[in-house]
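Asks: Next come a sequence and a model predicted from it.
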Amino acid sequence: MAPRYDLTKAKDGQILFNLKAANGQVLLTSELYKVKASAVKGIESVRKNATKDKQFDRRRAKNAKPYFVLLAGNGEPIGRSQMYSSKAAMEKGIACVKKDGPGARVDDAR
């Protein structure tokens, strides 16, 4: 299976996307969007910013687990990762987003 962006509807009717690796693991989950066109723009922003290390905001949750937020060029969040077990695992996740994000196809499962 190839890397892909899955467009889906949230319970409240808003739209989000998940960037999934070739193995199906979710690498990045977007913010919520009111319309599909905005979600598609979000995907384009991931494609544009995923190769820029400075756009990855590395964070720690209250439970000390590392995660990252991918930021758009204007500094606004595009999406966030899962919680990782270690900083090294988080860095592998970032490397996968950098590799898969720019060329992944879009699947509209809404």
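Replies: On my side now, so go ahead.
Asks: Low-confidence stretches in the protein?
Replies: Scanning the chain for pLDDT under 70 picks out 109-110.
Asks: Tell me which residue is most central in it.
Replies: With distances taken as C-alpha atoms, centre = their mean, the residue of the chain nearest its centroid is Leu28 (2.6 Å).
Asks: Contacts only, for that one.
Replies: By C-beta atoms under 8 Å, 6 or more residues apart in numbering, the residues touching Leu28 are Asn18, Leu19, Val46, Leu70, Ile78, Gly79, Arg80, Ser81, Val97, Gly101. All C-beta atoms are positioned from the backbone trio N, CA, C, and that covers glycine.
Asks: burial measure for the second one, as a count.
Replies: Okay, so that is Leu19. 27 (other C-beta atoms under 10 Å).
Asks: Can I get whichever helix or strand it is part of in PDB, CA atoms only?
Replies: Using DSSP states H and E, Leu19 maps to strand 15-20. The C-alpha trace of strand 15-20 is given here as PDB (Å, rounded to 0.1, in the frame of the first residue of the first chain):
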ATOM      1  CA  ILE A  15     -13.600  17.200   7.700                       C
ATOM      2  CA  LEU A  16     -10.100  16.100   8.600                       C
ATOM      3  CA  PHE A  17      -7.300  14.100   7.000                       C
ATOM      4  CA  ASN A  18      -4.800  11.600   8.200                       C
ATOM      5  CA  LEU A  19      -1.500  11.100   6.500                       C
ATOM      6  CA  LYS A  20      -0.900   7.400   6.600                       C
END
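Asks: what are the ranges of the helices in the chain?
Replies: Along the chain, counting by DSSP state H, helices occupy 36-49, 87-100.
Asks: got the contact list for the first one?
Replies: To tie it back to what came earlier, the one meant is helix 36-49. 5, 7, 15-17, 19, 28, 30-31, 33, 55, 70-73, 78-79, 97, 101-103, 106, 108, 110.
Asks: I'd like to know which of these are buried.
Replies: 5, 7, 15-17, 19, 28, 30-31, 33, 55, 70-72, 78-79, 97, 101 (16 or more other C-beta atoms under 10 Å).
Asks: before we move on, the earlier item: who does the residue nearest to the centre of the chain form a beta bridge with?
Replies: For Leu28, the beta-bridge partners are Leu19 (DSSP bridges).
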